[in-house]
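1. here is my input; please provide its structure:
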Amino acid sequence: MTGPTPHTRGDELLLARISAAAGRAHLGRRRATYQGAMRTPHAVPARALLGLLAFARYGRPCAAKASAHARLDLYEHGMTVAVGRRIHLVRYDTTLVLQKSIRLPQAPARGGTTRALTLTDIEGKQVELYGGPVDGAAEKWVPEIQRAVTRAQLPRAWSALDAGERLSFGDVWLTREEIGSGAVSARWPQVRRLEITQDTVRLTLDGSGPTLATGATIPNLFVLRTLVERLHAGGPRP
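-> Residues are numbered from 1 along each chain as shown. Model (predicted):
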């Protein structure tokens, strides 16, 4: 649901707090609002992230809050996540996003699964969003966030590559000349095929296909995909 109009005094106060916080963070104009269509656990330190995702995946106890009071507002340069009295601020140009498919009871999308995004806010804390069994709104806000982060981070990434730097996305790294992970590396002309899905990054060299990394461990996988497609094609920077 986008663009809801506040109906109660509490709604109006929450909107005022969100707008004030977004203004202080210079997030720009509000573009969309999704309310009551997600769940989010309490913010957690980075070292607890993988454990949190495991809890969500296998249905173990976690700090998830009911979706009724969760609200996501997307802005030009970032987003806010309001849960209870807490408002998380996320900037597209600095956030790290991990994504994963998880199973939710009665989830409307993809046969009982939904997308989960774990984002780093401007304080360095991480907050996880995943679609709830309300209206499948995650099918809208997940790609919106992916596109916004890609637009914000791609120019700086290309500038770094042009300057000869090596960019790292979790275990996967790349330069203008090479891509690699661990003991596996290859120059771009050697790459026969590069397959990047939500779950894996697979590199094919002369008929072999080592897996570089799993998608759940790669921050900003969608930014990596855009860079890889362009570098593999040998074309100019977009």
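2. now do the SS call for the residue nearest to Y75 when sequence neighbours are not counted.
-> Spatial nearest neighbour of Y75, excluding adjacent residues (Cβ to Cβ, 6 or more residues apart in numbering): L27 at 3.8 Å. For every residue, glycine as well, the C-beta is placed using N, CA and C. What DSSP: H, G, I helix; E, B strand; the rest coil gives for L27 is coil.
3. number the chain from 573, please
-> All right, first residue 573 from here; so that's L599.
4. neighbours around L599, how many?
-> A count of nearby residues for L599, using other Cβ atoms under 10 Å, gives 25.
5. spit out the contact partners of it.
-> Taking Cβ atoms under 8 Å, 6 or more residues apart in numbering as the contact definition, L599 lies against 647-652, 661, 663.
6. could you chop the chain up by domain?
-> 581-723, 738-805 (automatic domain parsing).
7. quick check: end-to-end length of the last one?
-> End-to-end distance for domain 738-805, by Cα to Cα, to the nearest Å: 19 Å.
8. repeat for the longest one
-> By Cα to Cα, the extent of domain 581-723 from end to end equals 36 Å.
9. same check, this time on stretch 757-767
-> End-to-end distance (Cα to Cα), stretch 757-767: 15 Å.
10. and it, which residues are buried?
-> Residues 757-758, 760, 763, 766 are the ones in stretch 757-767 that count as buried (16 or more other Cβ atoms under 10 Å).
11. by pLDDT, rank those and give me the bottom one.
-> When it comes to pLDDT, L766 is the least confident member of those, at 72.
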